[in-house]
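Q: Model the structure of this input:
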Amino acid sequence: MFVVKASLANKALREAASVWRTYHPMEQRRILQGVADTMPYAVLWLNLKRVVLKEFGFVVVAAPSKRIYFEEPSDRSRLPPSAHAPVKEGKWREPVRISAPYAVGAADAEVEEELHRSKSYVRNAAYEQAFGRGAVAEEEVPLPVDDQALQCPDTVTKAEWDAMWPYDDLVRLQPIHAETAVEEILEGDPRLS
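A: Alright, predicted model coming up:
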């Protein structure tokens, strides 16, 4: 019985393994042998999947009792290791898990709360600096939407405004046509200083 994944041709799998070996020449010898071209398809697929998923931080559970079979019964954890189907038959897969870097505790919740509190304070202080202290919430009036916001230069940030304000009178809402000659200002022109 020869097992193949319909979406992964034998040639493509062997090329992928070859690329992996090329970029990992210093890997342990047994791992390099596990992804050699001489391996049967199912074994090569399993070994390549293990090393690639490991690179991404996943944990592949290789214990025979944890294998998940494609045919019923899929859970055969009570079988002794010698009674499991061999890798070459490709009748099972290994579960993949993501390990948590740490468990969130009570101290982490306090840190998160403190971080939110300090961000809120900075945000409120910046608002008060720009617009003055807030009044009664029910009496605040939202600003109207600027209809010409997309037709004028962006002067929202300080850096853009500092760069734009001396030349604000030169900005015109006229498209540049291909037939209109555009004056080219060469380097060294006094207007650039």
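Q: my guess is Ala85 contacts Trp92, does it?
A: Yes: Ala85 lies in contact with Trp92 (CB atoms under 8 Å); the separation is 6.3 Å. C-betas here are computed from N, CA, C, even on glycine.
Q: Touching both of these two, which residues are there?
A: Tyr69 (CB atoms under 8 Å, 6 or more residues apart in numbering).
Q: ok, those two, which is more surrounded?
A: Neighbours per residue (other CB atoms under 10 Å) separate Ala85 from Trp92, with Trp92 holding more: 20 against 15.
Q: residue ranges with poor pLDDT in this protein?
A: Applying pLDDT under 70 to the chain picks out residues 1-7, 102-104, 118-162, 175-178, 180.
Q: Nearest spatial neighbour of Ile45, chain-adjacent residues omitted?
A: No Ile there; residue 45 is Trp. Distances taken as CB to CB, 6 or more residues apart in numbering put Leu13 closest to Trp45, at 6.0 Å, once the chain neighbours are dropped.
Q: Look at the one you found and give its secondary structure.
A: Here Leu13 takes the helix state, with states given by DSSP: H, G, I helix; E, B strand; the rest coil.
Q: Appreciated, that's everything.
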